[in-house]
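1. Pasted the sequence and its predicted model underneath.
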Amino acid sequence: MKKLKLHHYFLISIAVILLDQVVKLGVFFWIKDSFGCELQPEFCPNRATINLIGDFFKIHYITNPGMAFGQQLPGAYGKILLTSFRILAMFAIAWYMRKLYLKKAAKGLQICVALIFGGAIGNLVDSIFYGKFLGLTVDGATTPWLHGKVIDMFYIDIAQGYYPDNWPLVGGDYYNFWPIFNIADAAIFIAVIFILIFQKRYFNEKPQQELN
């Protein structure tokens, strides 16, 4: 396989970002034009859905105000802290990509990190801009800079329902077995899975100059 330059790995990240944003905006405007609902995280939960593969794989629009599985940092500045941390993490990942390239790390590992970088930025774009420009609201008010919500839309309907009322802590809560996700999430997930599967190859491989 042809040797990739550093900018090629960043181009992979850019491709993930562009695809992620095109899909998110496409789904957003499709929902807005088709259903005319208030754009809340829970809006039109039973209508803003389209089946792609039977009842198993669906597009189901939802906005995530925080981290994975909808978790949030508490307090008035929790969202700002989360977004600021994501921004710092982007610089750290970019630095790590360059370090891997200079060390001539395994090509597969560099591609995986590029996918993670692109996926992370894809969700960061939502966090920075989408509250300001897409009219996403919290309690009826448009959210400011750095308070945007991440748009999710792909749903694998493996299992869903409510926990029994007598279960401690989660009794009566709604659950779905597989989280609703987006292209950015998928890129990160796939990259992490590949790193776990091929970790011995990625982290034990000798630098290329030592193989010559």
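-> Yep, it's here.
2. average pLDDT across the lengthiest helix in the chain?
-> If you go by DSSP state H, the chain has its longest helix at helix 6-35. For helix 6-35, mean pLDDT rounds to 88.
3. Could you do stretch 116-130 as well?
-> 88.
4. who's in contact with Gly118?
-> 12-17, 20, 184, 187 (Cβ atoms under 8 Å, 6 or more residues apart in numbering). Using the backbone N, CA and C atoms, a C-beta is placed for each residue, glycine as well.
5. picking up where we left off before, what residues sit buried inside the longest helix of the chain?
-> By neighbour count on 16 or more other Cβ atoms under 10 Å, the buried set for helix 6-35 is 9-10, 12-13, 16-17, 19-21, 23-24, 27-28, 31.
6. still on that earlier bit, any chance of the contacts of Gly118 in JSON lines, plus distance to Lys104?
-> Listed next are these as JSON lines, based on distance: Cβ to Cβ, whole Å:
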{"residue": "Ile12", "distance to Lys104": "17"}
{"residue": "Ser13", "distance to Lys104": "19"}
{"residue": "Ile14", "distance to Lys104": "22"}
{"residue": "Ala15", "distance to Lys104": "23"}
{"residue": "Val16", "distance to Lys104": "23"}
{"residue": "Ile17", "distance to Lys104": "26"}
{"residue": "Asp20", "distance to Lys104": "29"}
{"residue": "Ala184", "distance to Lys104": "28"}
{"residue": "Ala187", "distance to Lys104": "24"}
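7. pLDDT below threshold where in the protein?
-> Along the chain, the parts satisfying pLDDT under 70 run over 1-2, 34-48, 65-79, 131-147, 160, 174-176, 205-212.
8. mind listing the strands for it?
-> According to DSSP state E, the chain carries its strands in the segments 49-53, 57-64, 137-138, 141-142, 150-156, 160-162, 174-176.
9. most tightly surrounded among the ones you listed?
-> strand 150-156 (a mean of 22; mean count of other Cβ atoms under 10 Å).
10. Find the residue at the geometric middle of this protein.
-> With distances taken as Cα atoms, centre = their mean, Asp185 lies nearest the centre of the chain, 3.2 Å away.
11. For the closest residue to that residue other than its chain neighbours, give its distance to Asn166.
-> Leaving aside its sequence neighbours, Asp185 sits nearest to Gly119 (Cβ to Cβ, 6 or more residues apart in numbering; 6.6 Å). Here the criterion is Cβ to Cβ, to the nearest Å. By it, Gly119 lies 39 Å from Asn166.
12. Neighbour count: these two, which is higher?
-> Neighbour count, other Cβ atoms under 10 Å: between Gly119 and Asn166, Gly119 has more, with 25 against 7.
13. Show the contacting residues for that one.
-> 16, 20, 183-188, 191.
14. Nearest to Met97 among the residues you listed?
-> Of all the contacts of Gly119, Ala191 has the smallest distance to Met97: 12.1 Å, by Cβ to Cβ.
15. Pretty sure that closest one sits against Phe117.
-> No - under the criterion of Cβ atoms under 8 Å, Ala191 is not in contact with Phe117, lying 9.2 Å apart.
16. Settle it for me: which of the two has more neighbours?
-> Between Ala191 and Phe117, Phe117 has the larger neighbour count (other Cβ under 10 Å), namely 27 against 22.
17. Count the neighbours of the nearest residue to Arg86 once chain neighbours are set aside for me.
-> Once flanking residues are discounted, Arg86 sits nearest to Leu124: 4.8 Å by Cβ to Cβ, 6+ apart. Using other Cβ under 10 Å, the number of residues around Leu124 comes to 19.
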